[in-house]
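K.L.:
Sharing a model prediction with you, sequence too.
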Amino acid sequence: MDLNTVLQLAGGIGIFLYGIKLMSGSLQSLAGDRLRYLIETLTRTPLRGVFVGVLVSTLLQSSTAATVMTVSFVNAALMNLKQAIGVIFGANIGTTVTAQIVAFRIGEYALSIVAMGALLLLFGRTKRQRYLGDGILGFGFLFLGMQTMGSAMRFFIHYQEVLLGLGQQPLLCILIGTLVTMVVQSSTATVGLTIAMASEGFIGIDAAIPLILGNNIGTTFTVVLASLGGNRSAKQAAAAHVLFNVIGVIIFFPFLTYYRELIVLSSPYIARQLANAHSGFSIINVIIFLPFTPLFARFIQYIIPVRHDEKGLRISYLDKNLIYASPAAAVRAVKNEFLHMGDIVLEMAGLVRRYYEGENTERVTNKFAESEKAVNSINRAISSYASEIWQKGLSSEVSTVLGCYVNAAGDLERVGDHLENLIELNVEGTFSDKAAAEVWAMYDTAEKALVYALDSIRHEDAVKADIVIKELEEQIDAQEKQYRKNHIERLNSGECNPERGVIFIDVLNNLERIGDHSHNIAYFTRDIVSLSK
């Protein structure tokens, strides 16, 4: 094999992988915010997870990307292991769609398809037309890459007897398929390479099917790497992916001869036969495993037990693997980190209440300081994480949603600052009974506005958002106006100490500003909801 052949083969693989990337990006852009809602449905049965896994894997054009995304969700406690296993099952089926596509005998039209996609991409009048052009261009690149790989592999003609003899060594073929996929880190690419070699007559179906089985084991390597930085729940999901494929291959291995005979009957063309073998393995494997999902999950939990720990004040959801697996899915992580940040701010509001009620101990103030520091840290992390997502490219709808979460986090951080101001005012014994009653009335309204604003984003509830915008904000403004007036009357009647009165006005100002920021957060909910209609 000379250098030119190596470069041609590498170029063919590169074009093929770039085609997959273009198709994936196009499908995600066309799906827009629907992918985010699709991912949010991963909350029920394993069977539903299978269907969603198929769809997500098809959109991402990669079972590895879909599984890495799933591992990240488990790492962030967005789904439990049983739900994740269902998605992993479905992702293995979804990734076979690409193999079915490349099995079509339309390689001679590859350049025409590329030209069509390029024209639509360059001259499309709408974003959807340009997204579609991207997808068609990627579709053409798949077949162009296959052609290039096929041409580069002509040197295998000199080793044809050796390659055809691999059919007598199925275990060796499984090992080769596993190692090649671990290196390339794309089972789709190695399946495409196997189909190309078989179509050129360099390997027979006896060797090709075990190679494809090995591909299914090799593709788990990337997922294992992605789980190394995660918690034990993420490692459980990765282990489920590994065992699902390894056990599946072990089950299939004694029946390879019968499976080959069945696959040969499915089509007269070897490319289609191999695509069917790939799909058949995944579908049959899922059918075998699905009834035993609860038992399988318990087994995984037994061999990798989880040490339960609380999210606490750490950054919990911003897994960078999600950015590379699916930027749209990473937006969901930003939402959940924002809500985690909201939980901390609400806890801070509770600490302020305890402090004002007389529990101004060192333990309360230290806890508040830790929480305030965590809120600032999470806000910065959300901004940084979102910047990386934007660099990957998003549809306009998803980009707008992401912007809403980032801006809402900024408002939430400012709420934390105003709560810090309230702690620093040190109001112990400062107010008269009338003034204290007014402070608590306004505090209750401001806290309610914050709770409703956060709930409105959590559930994308426009009704709660409108309550904050149209009712609670006006109530807070009316309270501030009335209580200022009452304060002046108390000053004039000598009921209030002027120095204490300054603190009273500062408290009202900070509570009014908390209401303003809650109002802003509720408006972001309305923007998000409007995009989903």
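P.N.:
Structure received.
K.L.:
Arg260 against Asp206, yeah?
P.N.:
Yes - Arg260 sits in contact with Asp206 when judged by Cβ atoms under 8 Å, with a separation of 6.4 Å. All C-beta atoms are positioned from the backbone trio N, CA, C, and that covers glycine.
K.L.:
So what are the structural domains in the chain, by residue number?
P.N.:
3-303, 320-531 (automatic domain parsing).
K.L.:
which one is Leu27 nearest to, not counting chain neighbours?
P.N.:
The shortest distance from Leu27 to any non-neighbouring residue, by Cβ to Cβ, 6 or more residues apart in numbering, is to Leu59 (4.7 Å).
K.L.:
For the one you found, which three-state class applies?
P.N.:
In terms of secondary structure, Leu59 is helix; the call rests on DSSP: H, G, I helix; E, B strand; the rest coil.
K.L.:
Verify the stated contact: it with Met23.
P.N.:
No - shown here, Leu59 and Met23 do not form a contact pair, counting by Cβ under 8 Å, at 9.5 Å.
K.L.:
pLDDT weak spots in the stretch 251-400 of the chain?
P.N.:
Of all residues in the stretch 251-400 of the chain, those with pLDDT under 70 make up the ranges 306-313, 325.
K.L.:
Find the centremost residue of the protein, please.
P.N.:
By Cα atoms, centre = their mean, the mean C-alpha position of the chain lies nearest to Ala329, the distance being 2.9 Å.
K.L.:
tell me, how many neighbours does Ser29 end up with?
P.N.:
Ser29 is flanked by 24 other residues according to other Cβ atoms under 10 Å.
K.L.:
Can you give me the distance of it to Ala328?
P.N.:
Shown here: Ser29 relative to Ala328, a distance of 9 Å by Cβ to Cβ, to the nearest Å.
K.L.:
any common contacting residues for the two?
P.N.:
Here Ser29 and Ala328 have Leu394, Ser395 as joint contacts, going by Cβ atoms under 8 Å, 6 or more residues apart in numbering.
K.L.:
Relative to Phe139, how far out is Met116?
P.N.:
9 Å.
K.L.:
Those two: which has the busier surroundings?
P.N.:
For Met116 and Phe139, the more surrounded residue by other Cβ under 10 Å is Phe139, and the numbers stand at 23 against 16.
K.L.:
Report the distance from the helix or strand encompassing that one to the chain centre.
P.N.:
Secondary structure assigned from DSSP states H and E places Phe139 in helix 127-152. Relative to the mean C-alpha coordinate of its chain, helix 127-152 is positioned 26 Å out (Cα atoms, centre = their mean, to the nearest Å).
K.L.:
Quick check, Thr64 in contact with Ser186.
P.N.:
Yes - when contacts are counted by Cβ under 8 Å, Thr64 is listed as touching Ser186 (7.0 Å).
K.L.:
I'd like to know how far the residue lying closest to Leu351 once chain neighbours are set aside sits from Tyr443.
P.N.:
With Cβ to Cβ, 6+ apart as the measure, Phe368 is the residue that lies nearest to Leu351, at 4.7 Å, once sequence neighbours are left out. Computed with Cβ to Cβ, the distance linking Phe368 and Tyr443 is 16 Å.
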